[in-house]
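Asker: Sequence first, predicted coordinates after that:
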Amino acid sequence: MNISESFGCNEKGHLTIGGADAVELAKEYSTPLYVLDEQEIRKNCRGFVNSMNEYYGGNGLVLYASKAFSCKEMYRIVMSEGMGADVVSGGEIYTALKAGFPMDKIYFHGNNKTYDELVFAIESGVGRIVVDNIFELETLNSLAAKYGKKIDVLLRIKPGVNAHTHDFVRTGQIDSKFGFALETGEAMEAIKAANASVGINLVGIHCHIGSQIFDISPFEYAAKVMLEFIEKIEKDEGIEIVELNLGGGFGIKYLDSDNPAPFQNYMERVSKVIKSECAAREIKTPYILIEPGRAIVGAAGATLYTIGAVKEIPDIRTYVTVDGGMNDNPRYILYKSEYEAAVADKFSQERDFTVTIAGKCCESGDLIQENTKIQKPEIGDTLAVFSTGAYNYSMASNYNRIPRPATVMVNNGESRVIIKRETYEDIIRNDV
Ligand code: LLP
């Protein structure tokens, strides 16, 4: 198995995560358990930060898209790597604030930020608000008057690049709930409105073309489209655009067979496009922001479960049931997401049993993976599912009143709890 450097095998034949024995982690902290490898997270952060420096002369900032995995410790790690963060809710702002994150390095996204969230963002000193629509712009303009200050904003633009298909296409994206459309002229109207708003300081524009993208060419294309727009804004309207935020979406390995482009290549190729486009269009090279989420934490994480019943349905399939499921990983039921799994106790052995991994929720669709290969499963074994660092904890729920698992951070074999396991008392905390 070759998902990331976080996962190895020790002399007992057990899976290791960040150098710690996964079977021991399961015993010590109980299951289900999210485990993250700090070294891998930091390596990924440095990969982005260093390539921003190397290929773009450091004229930019890497923002961690914290929706991928948000908790106080994660903001502390990202902060210590000199990055900013992208947040999408009052809850993420609150978490960052409580972690002591430099709020001027926070970019606040969202297609329907509430009035209270906008007030909270302004009062917390959030650095930039990425405005999604004209109503938000108007609300911010009136809040600016109330607070007696100008609000620094970027406008979210739909560049018309749909990278969700393997061969990206430039269509369709007008039909997205996010941002201002370029093709219809809506984006330029919004630029003019922002520029004319006394309380608004229009700093830049933003786009995000999708997630789990393996190919760099749609990113290059999006950068080109955005620079063409910047040229138009500057030359036709005389409005200066200083920042260009190109979003996130860099793909990671879920399956052994996945082959994402190394994300360091992204800055190299996109920087080249930006520099040559700016030279050709005779515009200044903008300050760049990129927003990796999944690529920072995804492949640095695994989820550990304890195997319960193994149900063999002759000639149909074998269900291996675990003590978690769609509560802690809703990505299979939502997107049929693919994962590799293995029996941590028998990690050195061949994965030659084809099984369907089922969760414990009262829901037939509560599966983690269908027809996947693992080592011989037995009751009490620890089952690991890999690449669950992103969009697992952050999308977890209490369906069936199941408490959410703890998250343990491992650093060179040493482990510590960074999010405690929920208790039944936590489950009824807000019941009246
Ligand atoms: N920036 C913006 C504006 C975004 O909307 C997103 C993700 C990101 C950055 C980070 O994208 P990443 O680098 O993590 O791909 N729940 C889905 C993923 C939703 C992504 C939403 N936006 C999943 O589990 O695959």
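Answerer: Nice, thanks for sending it over. Residues are numbered from 1 along each chain as shown.

Asker: switch to C-alpha atoms for all contacts and neighbour counts from now on
Answerer: Noted.

Asker: which bits of the stretch 301-432 of the chain sit near the ligand?
Answerer: R331, Y391 (CA under 6 Å from any ligand atom).

Asker: tell me what the lengthiest strand in the chain is packed against?
Answerer: Criterion DSSP state E: the longest strand present in the chain is strand 301-313. If you count contacts as 3 or more CA pairs under 8 Å, 6 or more residues apart in numbering; DSSP states H and E, strand 301-313 packs onto helix 22-29, strand 33-37, strand 317-322, strand 382-386.

Asker: need the contact list for the residue of the stretch 51-200 of the chain found nearest the ligand.
Answerer: Nearest residue of the stretch 51-200 of the chain to the ligand: A65, at 5.0 Å (CA to the nearest ligand atom). Contact partners of A65, counting by CA atoms under 8 Å, 6 or more residues apart in numbering, are A85, D86, V87, G248, E291, P292, G293, R294.

Asker: Over to C361?
Answerer: G324, G325, M326, N327, Y399, N400.

Asker: Please name the nearest non-neighbouring residue to the last one.
Answerer: Once flanking residues are discounted, N400 sits nearest to C361: 6.6 Å by CA to CA, 6 or more residues apart in numbering.

Asker: Quick check: phi and psi at that neighbour.
Answerer: For C361, the backbone dihedrals (degrees, to the nearest 10) come out as phi -80, psi 160.

Asker: Please apply the same query to the one 10 residues further on.
Answerer: N371 adopts backbone torsions of phi 50, psi 60, taken as degrees, to the nearest 10.

Asker: ok, it - contacts?
Answerer: Per CA under 8 Å, 6+ apart, neighbours of N371: R317, T354, V355, T356.

Asker: okay, the residue nearest to N400: pLDDT?
Answerer: In the predicted model, C361 carries a pLDDT score of 97.

Asker: Look up how far G204 lies from it.
Answerer: 45 Å (CA to CA, to the nearest Å).

Asker: average pLDDT across the host helix or strand of C278?
Answerer: According to DSSP states H and E, C278 maps onto helix 263-281. For helix 263-281, mean pLDDT is 95.

Asker: do it and the ligand meet at all?
Answerer: No. Helix 263-281 stays clear of the ligand (CA under 6 Å from any ligand atom), getting no nearer than 10.6 Å.

Asker: tell me how far the following helix or strand past that helix is from the chain's mean position?
Answerer: On the C-terminal side of helix 263-281, the closest following helix or strand by DSSP H and E is strand 287-290. In terms of CA atoms, centre = their mean, to the nearest Å, the centre of strand 287-290 is found 17 Å from the chain centre.

Asker: does the helix or strand following strand 287-290 come close to the ligand?
Answerer: Following strand 287-290 in sequence order, the next helix or strand is helix 294-297 (DSSP H and E). Yes. Shown here: helix 294-297 in contact with the ligand (CA under 6 Å from any ligand atom) through R294, A295.

Asker: Please tell me I have it right and G380 contacts T306.
Answerer: Yes. Under the criterion of CA atoms under 8 Å, G380 makes contact with T306 at 5.7 Å.

Asker: which stretches of the stretch 1-150 of the chain form strands?
Answerer: Using DSSP state E, counting those that start in this stretch, the strands found in the stretch 1-150 of the chain span residues 7-9, 15-17, 20-21, 33-37, 60-65, 84-87, 106-108, 128-131.

Asker: Export the ones you listed to a markdown table and append columns for mean pLDDT.
Answerer: Converted to a markdown table, the strands of the stretch 1-150 of the chain look like this (pLDDT from 0 to 100):
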| stretch | mean pLDDT |
| --- | --- |
| strand 7-9 | 98 |
| strand 15-17 | 98 |
| strand 20-21 | 98 |
| strand 33-37 | 98 |
| strand 60-65 | 98 |
| strand 84-87 | 98 |
| strand 106-108 | 98 |
| strand 128-131 | 98 |
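
Asker: so which of those gets nearest V270?
Answerer: If you check each of those against V270 by CA to CA, strand 60-65 wins as the nearest, at 12.8 Å.

Asker: Please identify the buried residues of the helix holding C278?
Answerer: For helix 263-281, a neighbour-count test (16 or more other CA atoms under 10 Å) marks F263, Q264, Y266, M267, V270, S271, V273, I274, K275, E277, C278 as buried.

Asker: right, and the pair among those residues with maximum separation?
Answerer: F263 and C278 (22.8 Å).

Asker: rewinding a little: so for G380 and T306, which residue has more residues nearby?
Answerer: Using other CA atoms under 10 Å, the more surrounded residue of G380 and T306 is T306, with 24 against 13.

Asker: if we can go back for a sec, got a markdown table for the strands of the stretch 1-150 of the chain, with distance to V198 too?
Answerer: Output for those, formatted as a markdown table (distance: least, CA to CA, whole Å):
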| stretch | distance to V198 |
| --- | --- |
| strand 7-9 | 53 |
| strand 15-17 | 53 |
| strand 20-21 | 56 |
| strand 33-37 | 46 |
| strand 60-65 | 27 |
| strand 84-87 | 25 |
| strand 106-108 | 20 |
| strand 128-131 | 16 |
